[in-house]
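*Asks:* Sharing a model that was predicted from the sequence below.
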Amino acid sequence: MSAKTPWPQKTRELHNHHFDSTIWNDLRFRDDDIVIATYAKSGTTWTQQIVAQLLFSGDPDLAVAEMSPWLDLRVPPKAEKLPLVEAQTHRRFLKTHLPVDALRFSPQAKYLYIGRDARDVVWSMYNHHVNANETWYAALNDTPGRVGPTIEPPPADIRRYWRDWMDRDGHPFWPFWDNVRSWWALRDLPNVRFVHFSTLKRDMPGEMRRIAAFLGIPIDEARWERIVEQCSFDWMKRNAAKSVPAGGAFWDAGAEVFINKGVNGRWRDILTTEESAEYESRAVAELGAACAHWLATGEGADDS
């Protein structure tokens with residue numbers, strides 16, 4: 001363990017239309033647990049698919065969304081979810097969108113934190129939000145346990161959506177800068193590895209091998225091509241119901257709309273030069289130059 005970085009401690013709970021962070025208080029960690037952490041729309045489902053295919057050597061029939069639950073999502077409630085997680089017999093790989101100080105941290109578990117330029121995050125989030133159906137809103141707004149305001153349909157103008165997200169720090173979901181800052185502070189810990197969406201796009205096979213090495217998963221070379229193919233966006237989109245929450249029931253267009261395009265830079269033709277410069281300055285002010293550079297490029301997380 002790095003002498004500079006102490007093990008983090010949980011200091012708060014987060015509740016909203018999505019979150020119930022208290023489930024982490026009751027989880028009994030196993031020494032080989034894997035936690036996949038992101039703000040959201042940063043490559044979470046992609047990374048879950050990669051970890052699943054590495055663990056199970058290219059099995060095309062894995063129900064990844066069921067196998068790798070979003071632990072802090074408050075639906076279904078923890079009284080239903082936690083027993084299912086505790087009953088899992090395979091090596092667990094759990095998903096969280098919490099900042100570090102809102103979850104219990106295990107020194108034995110392995111943590112993958114996935115980052116992405118926030119402009120790309122918001123464009124992907126908008127696609128997720130604008131295609132959500134009444135079942136999604138009912139699950140988040142009308143079920144017992146919601147704390148705070150409901151989540152409402154997004155504006156028709158994505159620029160308005162961007163402005164709200166910037167001005168109200170992640171509105172209508174949850175704060176962005178705290179999430180990234182809290183994980184960046186842990187980058188020196190031996191059981192934390194940073195992954196970037198752009199790096200996965202540039203060299204998915206290479207990054208998959210690095211993830212496997214970090215997690216201690218031996219690769220079956222005879223099945224490697226199949227493993228890689230089943231982590232591609234094309235394959236995942238064709239088989240989206242296996243990896244998308246609730247099999248895509250929350251989106252009228254089906255599970256395929258959740259996977260979407262897997263591309264960056266769609267904001268370039270919409271945001272003005274001034275708006276992009278404002279975001280870039282804000283990122284440096286909120287995160288510091290090194291973290292802001294990593295978030296924009298995927299470079300520099302391992303330099304310290």
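*Replies:* Happy to help now that I have it. Numbers count the residues shown, from 1 in each chain.
*Asks:* only C-alpha atoms for contact and neighbour calcs from this point on.
*Replies:* Noted.
*Asks:* from memory P60 sits against V228, does it?
*Replies:* No - using CA atoms under 8 Å, P60 makes no contact with V228, being 11.3 Å away.
*Asks:* Identify the residues contacting whatever helix or strand L140 lives in?
*Replies:* Secondary structure assignment for L140, by DSSP states H and E: helix 134-141. Helix 134-141 has contacts (CA atoms under 8 Å, 6 or more residues apart in numbering) with 17-18, 75, 146, 150-152, 249-251.
*Asks:* again, only this time at 10 Å
*Replies:* For helix 134-141, contacts defined as CA atoms under 10 Å, 6 or more residues apart in numbering pick out 16-19, 73-76, 129, 142-143, 146-153, 249-252.
*Asks:* Would you map the strands across this protein?
*Replies:* Here the chain has its strands, by DSSP state E, at 34-38, 93-96, 110-115, 192-196.
*Asks:* Make JSON lines out of those strands and add distance to F56 and mean pLDDT.
*Replies:* Output for the strands of the chain, formatted as JSON lines (distance: least, CA to CA, whole Å; pLDDT from 0 to 100):
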{"stretch": "strand 34-38", "distance to F56": "14", "mean pLDDT": "98"}
{"stretch": "strand 93-96", "distance to F56": "12", "mean pLDDT": "98"}
{"stretch": "strand 110-115", "distance to F56": "18", "mean pLDDT": "98"}
{"stretch": "strand 192-196", "distance to F56": "21", "mean pLDDT": "98"}
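*Asks:* Turn those strands into JSON lines, columns for mean neighbour count and distance to N239.
*Replies:* Below are these laid out as JSON lines (neighbours: other CA atoms under 10 Å; distance: least, CA to CA, whole Å):
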{"stretch": "strand 34-38", "mean neighbour count": "24", "distance to N239": "21"}
{"stretch": "strand 93-96", "mean neighbour count": "22", "distance to N239": "20"}
{"stretch": "strand 110-115", "mean neighbour count": "24", "distance to N239": "22"}
{"stretch": "strand 192-196", "mean neighbour count": "22", "distance to N239": "23"}
